[in-house]
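**Q** coordinates only, sequence not included:
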């Protein structure tokens, strides 16, 4: 894979790999769950984790190129190679947020559990925590950060519709009920910081007031 | 050991070793508990972890061959070498499920605790979690997955009898009360995915509704 | 950086780096939170972690020199290099405690959670635990150790004022509400021991009486 | 140190070091707490961890020889080298249990917390868990294992007196209130297995019935 990418994209792919390994170490990507992507320098292309890989054994070659068509690019095709079933969610996020350069989806116990616990409220609210400043544009612990929750569906289109109706306030991410967290950032580092920030907030939320 | 095996079996033994090391890192194989096996290419033989080994120090040479007779094969015999006391459970699973290529038994705190907590219900039911799709053949989070529980006995035959009466619905695994989880898969990767899926479900179950 | 320091300071910087890596492994420095410093042999100078660095990737070159003026020393200046926003807190601690050679600030889930839970009491009290002897000068588990809590502010001056009014009893550290723990020691080893001691006490406090 | 020991003792010292590193990884030896020893082949001598060492940085050279006199042996003396303040507890265990070849003392959050919670009952009882078979001589999960608890004192003699009065039933170990776990075994491996077994039981005890 790596030889097909610009030097900048190769470096970001390496950074993404290290973030994936970090999440696996933390236990936020059990079994073959979770998926991750990068916007490439070539307009309309991005790199995404392929489907069905054990994240504790994930390698650079498990990142594949999605072409402008939304399909696996010719140069990444091969036997048994499929992009994640949730590729459409990544694509929708990149289309909606032009600044997004990296989209990360983790599946931690607490994110999964809280997403069901609060699904009827459609959101979780966080405030008064210094860690909120880990989210892009948040300059004080005093404000309230809202993390929307959408229902889980086997048909991606339904998740996408729910995402649209749950994005009035430029969220930093969202939860899919019973399924985990999506967040993004301009860079891999920023998106990873958002994952760590939300996971920390989930632990605080679990402990309660 | 390795020189006695076909190239394919050697590769799968290495994969099993890495899974054992992963479980040890997670804390799912305390003290000398737990055991693991592989069906070999030679009809009726399989590879099993030997008894009494600290899983944080487990090596390839701690996997021994069980012959068609159910006894340690001549080429694996040696001073102090015994197969696990639970070898019969592995054998019974391979006999009952012709597709099973790998059987894994972990002993996590939560699996052990839940197995006692739900022993009178004879089962734990899971539903509405995306992670259920980590189990072979489960295509949606909407269905209900049942994990049977059998009583613990010092006499293996009693456990085997209970297993028979608790397998009406083709389970993906089962718990032995106060003792931990058994699961299996066609490949090492699939069986490992089942362990990770159940352990994740145990954490959700503990957190409650 | 390292070439600008005396041999003794280089060794202590290396020791500080290892402590930072230890805290990151423990999950006590999520996202880009936390900051760390050392008093240098040159009067009035110290070394501090620069702002905005992912602590799981922290390197020796991310420690920068603060001159007597309280500003980044000329030899540490560079594009994008800022000292932590909380540099003033470190400076205030060194001024108040002439014995302090190292100041550490971690941001664990439990420290953060407890700091809000007890903020109205202005303190947490610990007693009857052997681990209290991990704090400098504490020779028995029988006494009571008080950890003061100050409110969180975006304006450092307000935190500093609160620190002054909360320091009647020579604390070993303090919590900032919703923000984490500050502690210090004569050496890096002693300050690290204080962090581990308080984090252990936080876990006991969470479990309750 | 190592050059002063027989080949067998050197190997056991290395095994002890690996156990110490394992406990540190698990978080069972915070700050400079905990201590560990081995009975040497030379009658009346043993090897013990020296006082005040950060267990995450512990090295083979931090194990020192205690002579028959109960003092640090001449060949292990040096500036700043002291044996643990709890050396007398180790000595008492070796005197009382002639089979003991290794004594381990960990200081986990749960062991510490439970030791205070149950101190008025003077013991914790465990039963119905398969993991009990991790304790030497326990052949079934059905029996009851009793772990005595003694009060904590700064004066070792008082702890020793309490140990005597709490040892009617040949325990596998004991807790010191607010202070942690002592256990032992014929070999390092057996003593380590006892630590892992008790720590697992502590987690089950915390989760409750």
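**A** Sure, I can see it. What you see is a predicted model; the values in this text were computed from it and never measured. Numbers count the residues shown, from 1 in each chain, chains lettered A, B, ... in the order given.
**Q** right, is the lowest-mean-pLDDT helix or strand in chain A up against chain B?
**A** When the helices and strands of chain A are scored by mean pLDDT, DSSP states H and E, helix A:156-165 comes last with a mean of 84. No: shown here: helix A:156-165 not in contact with chain B (Cβ under 8 Å from any Cβ of the partner chain), separated by at least 11.3 Å. Backbone N, C-alpha and C define where each C-beta goes, glycine included.
**Q** Going by neighbour count, which residues in that helix are buried?
**A** A:159-160, A:162-163 (16 or more other Cβ atoms under 10 Å in any protein chain shown).
**Q** farthest pair in those residues?
**A** Greatest spatial distance among those (Cβ to Cβ): A:160 and A:162, at 7.4 Å.
**Q** so where's chain A shaky on pLDDT?
**A** For chain A, the stretches flagged by pLDDT under 70 are A:1-3, A:168, A:209.
**Q** Chain A: helices as residue ranges?
**A** A:7-26, A:87-96, A:109-117, A:156-165, A:188-207 (DSSP state H).
**Q** Distance to residue D:120 added to those, as a markdown table?
**A** Formatted as a markdown table, the helices of chain A follow (distance: least, Cβ to Cβ, whole Å):
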| stretch | distance to residue D:120 |
| --- | --- |
| helix A:7-26 | 39 |
| helix A:87-96 | 56 |
| helix A:109-117 | 35 |
| helix A:156-165 | 54 |
| helix A:188-207 | 28 |
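**Q** Quick one: closest of these to residue D:84.
**A** Short answer: helix A:7-26, nearest of these by Cβ to Cβ, at 33.2 Å.
**Q** hmm, the closest one touching chain D?
**A** No: against chain D, helix A:7-26 shows no contacts by Cβ under 8 Å from any Cβ, the least distance being 13.0 Å.
**Q** Between helix C:7-26 and that helix, find me the angle.
**A** 70 degrees (axes from the mean of the first three to the mean of the last three Cα atoms, to 10 degrees).
**Q** other SSEs contacting helix A:7-26?
**A** Packing contacts for helix A:7-26, counted by 3 or more Cβ pairs under 8 Å, 6 or more residues apart in numbering or on different chains; DSSP states H and E, involve strand A:35-39, strand A:46-49, strand A:63-66, strand A:102-106, helix A:188-207.
**Q** Give the buried residues for it.
**A** A:9, A:12-13, A:15-17, A:19-24.
**Q** residues in contact with it?
**A** A:1-2, A:5, A:29, A:34, A:36, A:38, A:40-41, A:47, A:49, A:55-56, A:58-60, A:63, A:101-102, A:104, A:106, A:108, A:187-189, A:191-192, A:195, A:199, C:27, C:56-57 (Cβ atoms under 8 Å, 6 or more residues apart in numbering or on different chains).
**Q** In contact with residue A:59: list those residues for me.
**A** Under the criterion of Cβ under 8 Å, 6+ apart, the neighbours of residue A:59 are residue A:17.
**Q** Can you tell me how far the residue nearest the centre of chain A is from chain D?
**A** Centroid check for chain A by Cα atoms, centre = their mean gives residue A:104 as the closest residue, at 2.1 Å. The spacing between residue A:104 and chain D, counted by Cβ to the nearest Cβ, to the nearest Å, is 27 Å.
**Q** got the contact list for the residue nearest to that residue when sequence neighbours are not counted?
**A** Nearest residue to residue A:104, sequence neighbours excluded (Cβ to Cβ, 6 or more residues apart in numbering or on different chains): residue A:191, at 4.9 Å. Each residue near residue A:191 by Cβ under 8 Å, 6+ apart is listed here: A:19, A:101-104, A:183-185.
**Q** on that earlier part again, quick one: residues in contact with the least confident helix or strand of chain A.
**A** If you take Cβ under 8 Å, 6+ apart as the criterion, helix A:156-165 is touched by A:85-86, A:88-89, A:92, A:150-153, A:174, A:176.
**Q** got the angle for that helix vs helix A:87-96?
**A** Relative orientation of helix A:156-165 versus helix A:87-96 (the same axes, to 10 degrees): 30 degrees.
**Q** For chain A, what lies in contact range of chain C?
**A** For chain A, the residues in contact with chain C (Cβ under 8 Å from any Cβ) are A:18, A:22, A:26, A:128-131, A:134, A:139-142, A:189, A:192-193, A:196-197, A:199-200, A:203-204, A:207.
**Q** Quick check on these: which are buried?
**A** Here, 16+ other Cβ under 10 Å leaves A:22, A:128-131, A:134, A:141, A:189, A:192-193, A:196-197, A:199-200, A:203-204 buried among these.
**Q** Which of those residues sits closest to residue C:170?
**A** residue A:130 (25.7 Å).
**Q** on that earlier part again, just the closest of the buried residues of helix A:156-165 to residue D:96, please.
**A** For these, the nearest to residue D:96 is residue A:159 (65.3 Å; Cβ to Cβ).
**Q** ok, now how distant is that closest one from chain D?
**A** Taking Cβ to the nearest Cβ as the measure, residue A:159 falls 35 Å from chain D.
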